[in-house]
Structure formats: structure tokens, C-alpha cells
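A.B. asks: I'd like to go over a predicted model; first the sequence, then the structure.
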Amino acid sequence: MSKYKGKKVLVVGFGVSGVSVAKYMAKQGAKVTVTDTKQKSELTESVNACADLKIEYELGKHNDASFRSAELVVMSPGVPLNIKPLDGTREMNIPITNEIDLAAAALKEPLIAVTGTNGKTTTTTLIGEMFKADNRPSYVGGNIGKPLLDYLTEGTRADVVVAELSSFQLELTQKVVPAVAVITNVEPDHLDRYPSYEAYIAAKKRLLQACDKNSYVVLNYDNPVTQAFGHESVGRLMWITKKNPMTIGGEFAENFNGCYYVAAEKKIYAKIFGKEEVYDVSKIRVYGEHNKENFMAAICAARAMGVNPQAIQKTIDEFRGIPHRLEFVRKKDGVFFFNDSKATNPQSQLRAIASFPANPIILIAGGKDKNFDFTPLAEVVRSRCKLLILMGEAKEKMNRAIGDFAETYLVGTFEEAVLLAFQKSRNGDIILLSPGCSSFDMFRNYEERGDYFKKLVHQL
């Protein structure tokens, strides 16, 4: 019998994650109440998805009494943990959890968990593809779109579960013990949700703290935050780096376990379980040198779980990238259009701009500010961008930070941004949508923003 049978469970937030929790708990026989500050009319898709289940709804506002009378409160990642009604939950010592932790507690398969500020979706997808190429079924989910609980409710079977985990999803985790933990990098992000950069780092570090001595821990040596994580890891360390470990020397070179990239040779060298392997990345089909880090992280995770090197090389040769991440859209009149709508922080913008060392760049940027400092972009804008087109809520702030370093236009609409970029472009130019901000001032999510950009570009 399910331990949730007859239990009063309050699901807070009714997006993709909330729907998954509601379905799972209803099937477990729990008394499920869903609460969301959005009105029912705004949540039609979610309500319809649970139409055949016995669920109570409290929509339009949160009811404090429900937070006090529940026996378990399950938070959706989009809902901050400092909302007022949770004070009552904490006063009553009612357990607060999330979808990821519920899934982790019930999973029997090994879990590969991937987090990081940038690169986590590409890395997660690559790992899934490497398992697929090795004819080993995997379930790829989490922040990448499919909730982990769906794996349990759908009853599908896999050798391994690969999960992308955001900092929001890690905030409440206690049951997660990954077979492999990958932290691609940690750089400032979500400073509209966290009181400080340190608080954001602490959320990411929860994945490191979830590991035990049997966990493989893949860390980026070239990122100062994740390099420091290495001193705190109790798991089996695997490093990724663009530096030759032998030139770093010392204990790092002696005990090196992981992957390093040699740009001059277009090769990734892997030293895993004392065995040396070489992977050719000359045929790689995705833009951006930073993607070599994602490939290295995926190789480490896949090899740690026994995926054969031939399957990994096949994946490297055939992988075509993911929409909205330096995605080539089209070439028109000698001008190249790239959609990097997923770039929702300045570090991601820096990586995108660095991906085109030879061509003049017209950068379309702006959106909802996440409390970023955009001044680190100044030098790369000055040296690489012929034109800046700024839009959205953050355009004035961005203009003050970087507007003096290139010819700059502030526009009112997305359509205006794309049209102006094309009018000002010349043969050989790159028009790059890399916003450096979230999309919520104009769009539901970065996917909708990227799709609209592509639509406008194809209409030119």
C-alpha cells in the first residue's frame, strides 16, 4: 500500500511539474489539493491534463489554512520558497518537498544528475544520445521538459535516468543520491530569486552534497566555483578542462581522471579508470568552443556508466545541437541568423559572441532583467559587435552598461529589432539573438521567444 494513501497533499504551482505531482499523488491515493495564484482560465492546459482525477483546486490565490492543514506540501520549482503562506507550513512542522525528491525516493534505476548555469541541457541531451547509440534505454527528463515523476507514472523502463536539474529544483532535495553528478559551471544567474550570488552557489552545491563515496562527480576545472567544489567532494572525481593536465602538473596531473581538450588537434583526450581514450571532435556540428566542455562532461558521465567509446564517438559525429542554443536559422543575402534565445545571462552571451571570432556581429539583446551586472560584456561588445539592438524591460540598463561600446539602438518591439538588424546588416554579418535576460516581459518562455525570432527571420 502507498505511504501517501489518504494523506492530505498540497501541490503549490500548477505548471508542468505541478501536473506531474498531482497525477502521481492522485494515483497513490492521496487527497490532493492544487493551489496556484493564476486563475483557472490561465491554467486550462494543466486542469485538462488532470480532468479525470479527483483533485481539489484553489486557484487565483493561496489559502493560508491549506498550507497549515496539509500533511505534505510539494513545491513547484517556479514558486519561490519565501512566499508568505509557507510560514504557516513551517510553524506546523509540515514536510515541504518537491517533484525531484519524490521521484528520487522512488527511483530504482541509477540517476545521472546534471546541473550548472550554462550547458546543462546540451550535456543532458548528449548523455541520453550516447546511451541510445549504445542501445541502452535511458529516460531523459527533469528541467529539460519531462518531469521525473512521469517516468514512474508512465511505467516505462530504462537502464538509467538522466536528469537536468535547475537550482530551483535542487533547493529542497534530500533523497537524491546520484550515481553520477555533473556540474558544468557556476556563474551569476537568477539574482532576482536569490538574495546573493553565494546563495545561488549554495543551491547548486546541493547536488555535490547529495553525492556519496560511490558517486562519480564530474566538475569543470576551468570554472573557479566548480574547481573549488573539488575540495569538498566525497565522490569519485572526474575533471573536464581545456588545459593540458600535464602542464598544470602536481597532484592534479598525477591523479587526473576525466577529459581534456586540445584545440590544435581537435581532439578530446580521456583518462578514465586509468585507461586513455581519444575522441575526434573535428566533425562536430554545433557552434561554439564552449560546447567542447559539454561534450567532455557527457563523455565522463557516459563512460562512468559503461557506455562504449564507439557509441560516444558516433554521438559526437552525429549530434546536431538543440533548438535555441546557437541554432543556425538561415542565410539570407549573405547574412547569417542565429537563435540563442536560451542565453538568459551575460556569461551565456559572452560564450555566444566568442563562437564567431571572424564575422562582424549584430547583437539583439534584452528582456526581463534578473538583476545582472552587464558591464562584463563591454570589452567583447567593443571588439566584436558592429551593432547593438536592445529591447524589453532591461534595454535602458543594458544601454547604460554597454551602449557606449558599439552603435546602439533601443527598440520597442521584437519585430522592429529583427527588421532593423537586417536593414543594417551587410554580406558576411552575423545577426545573433542572444538576449542575456529571461523572456518573461514579452513571452511565456525562451522557447516561444526563439520560435518567434525564427518565424520573423523566415518572413524576411
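C.D. replies: Ah, there it is. Numbering: from 1, shown residues only.

A.B. asks: Isn't residue 236 up against residue 219?
C.D. replies: No - contact criterion C-beta atoms under 8 Å: residue 236 and residue 219 do not qualify, at 11.3 Å. C-betas here are computed from N, CA, C, even on glycine.

A.B. asks: Now do the lowest-mean-pLDDT helix or strand in the chain: everything it contacts.
C.D. replies: The weakest-scoring helix or strand in the chain, judged by mean pLDDT, DSSP states H and E, is helix 250-254 (a mean of 85). Helix 250-254 has contacts (C-beta atoms under 8 Å, 6 or more residues apart in numbering) with 221, 239, 245-246.

A.B. asks: okay, who's weakest in these by pLDDT?
C.D. replies: pLDDT across the contacts of helix 250-254 is lowest for residue 246, at 85.

A.B. asks: where along the stretch 251-400 of the chain do the helices fall?
C.D. replies: 291-304, 309-318, 346-354, 378-384, 395-402 (DSSP state H, counting those that start in this stretch).

A.B. asks: so how far is residue 217 from residue 239?
C.D. replies: Using C-beta to C-beta, to the nearest Å, residue 239 is found at 10 Å from residue 217.

A.B. asks: I figured residue 446 was touching residue 324, is that so?
C.D. replies: Yes - at 6.0 Å, residue 446 and residue 324 qualify as touching, with contact defined as C-beta under 8 Å.

A.B. asks: Need the residues touching each of the two.
C.D. replies: Residues touching both residue 446 and residue 324 by C-beta under 8 Å, 6+ apart: 341-342.

A.B. asks: before we move on, back to that, comparing residue 236 and residue 219, which residue is more hemmed in?
C.D. replies: More crowded of residue 236 and residue 219, by other C-beta atoms under 10 Å: residue 219, with 30 against 16.

A.B. asks: which residue sits closest to that one in space, ignoring its chain neighbours?
C.D. replies: The spatial neighbour of residue 219 that comes closest, neighbours along the chain excluded (C-beta to C-beta, 6 or more residues apart in numbering), is residue 226 at 4.6 Å.

A.B. asks: Please enumerate residues in contact with stretch 324-337?
C.D. replies: Contacting residues not belonging to stretch 324-337 are listed as 121-122, 286-288, 321, 338-342, 352, 355, 359, 422, 425-431, 446-447, 450, 453-454, 457-458, 460 [C-beta under 8 Å, 6+ apart].

A.B. asks: returning to that earlier point: how far out from the middle of the chain is the least confident helix or strand of the chain?
C.D. replies: The chain centroid and the centroid of helix 250-254 are separated by 31 Å, computed with C-alpha atoms, centre = their mean, to the nearest Å.

A.B. asks: Strands of the stretch 351-460 of the chain, residue ranges please.
C.D. replies: In the stretch 351-460 of the chain, the strands defined using DSSP state E, counting those that start in this stretch lie at 361-366, 385-391, 407-410, 430-433.

A.B. asks: CA-only coordinates of the longest one, as CSV, when you get a sec.
C.D. replies: Read that as strand 385-391. Provided in CSV are the C-alpha atoms of strand 385-391 (Å, rounded to 0.1, in the frame of the first residue of the first chain):
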residue,chain,number,x,y,z
CYS,A,385,29.9,43.8,-32.2
LYS,A,386,29.3,46.3,-35.0
LEU,A,387,25.8,47.0,-33.8
LEU,A,388,23.7,46.5,-30.6
ILE,A,389,19.9,46.4,-30.8
LEU,A,390,18.3,46.4,-27.3
MET,A,391,14.7,45.7,-26.4
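
A.B. asks: Summarise which helices and strands that strand is packed against.
C.D. replies: Other helices and strands packing on strand 385-391, by 3 or more C-beta pairs under 8 Å, 6 or more residues apart in numbering; DSSP states H and E, are strand 361-366, helix 395-402, strand 407-410, helix 414-424.

A.B. asks: Ok, which of those comes nearest residue 44?
C.D. replies: Evaluated with C-beta to C-beta, those place helix 414-424 nearest to residue 44, the distance being 25.3 Å.

A.B. asks: ok now the closest one, how far from the chain's centre?
C.D. replies: 29 Å.

A.B. asks: And for stretch 256-274?
C.D. replies: Mean-position distance between stretch 256-274 and its chain equals 24 Å (C-alpha atoms, centre = their mean).

A.B. asks: Check stretch 123-138 too.
C.D. replies: On the basis of C-alpha atoms, centre = their mean, stretch 123-138 is displaced by 18 Å from the centre of the chain it belongs to.

A.B. asks: State the mean pLDDT of that stretch.
C.D. replies: For stretch 123-138, mean pLDDT rounds to 98.

A.B. asks: How about residues contacting that stretch?
C.D. replies: For stretch 123-138, contacts defined as C-beta under 8 Å, 6+ apart pick out 112, 114, 116, 140, 142, 144, 157-164, 182, 184, 294-295, 297-299, 301-302, 305, 307-308, 311-312, 314-315, 319, 322.

A.B. asks: same thing with stretch 269-287?
C.D. replies: Contact partners of stretch 269-287, identified using C-beta under 8 Å, 6+ apart, comprise 122, 238, 245, 256-262, 266-268, 291-292, 295-296, 299-300, 303-304, 309, 312-313, 316-321, 326, 328, 338, 355-356.

A.B. asks: Repeat that for stretch 156-164.
C.D. replies: Under the criterion C-beta under 8 Å, 6+ apart, residues 100, 107, 109-115, 120-121, 124, 127-128, 131, 136-144, 148, 151, 179, 305 lie in contact with stretch 156-164.

A.B. asks: Is it possible to get a markdown table of the strands of the stretch 351-460 of the chain that adds distance to residue 173?
C.D. replies: Output for the strands of the stretch 351-460 of the chain, formatted as a markdown table (distance: least, C-beta to C-beta, whole Å):
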| stretch | distance to residue 173 |
| --- | --- |
| strand 361-366 | 33 |
| strand 385-391 | 36 |
| strand 407-410 | 41 |
| strand 430-433 | 33 |
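
A.B. asks: of those, which approaches residue 347 most closely?
C.D. replies: Smallest distance to residue 347 across these (C-beta to C-beta): 13.4 Å, for strand 361-366.

A.B. asks: what are the pairing partners of that closest one, and which direction each?
C.D. replies: With DSSP bridges as the test, strand 361-366 is paired with strand 385-391 (parallel), strand 430-433 (parallel).

A.B. asks: ranking those by burial, who's on top?
C.D. replies: Counting by mean count of other C-beta atoms under 10 Å, strand 430-433 has the highest mean neighbour count of these, with a mean of 26.

A.B. asks: Now it: average pLDDT?
C.D. replies: On average, the pLDDT along strand 430-433 is 98.

A.B. asks: Could you export that strand as CSV, CA atoms only?
C.D. replies: Taking C-alpha atoms only, strand 430-433 is exported to CSV below (Å, rounded to 0.1, in the frame of the first residue of the first chain):
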residue,chain,number,x,y,z
ILE,A,430,26.1,37.5,-38.1
ILE,A,431,22.7,38.6,-36.7
LEU,A,432,22.7,37.0,-33.2
LEU,A,433,19.7,36.8,-30.9
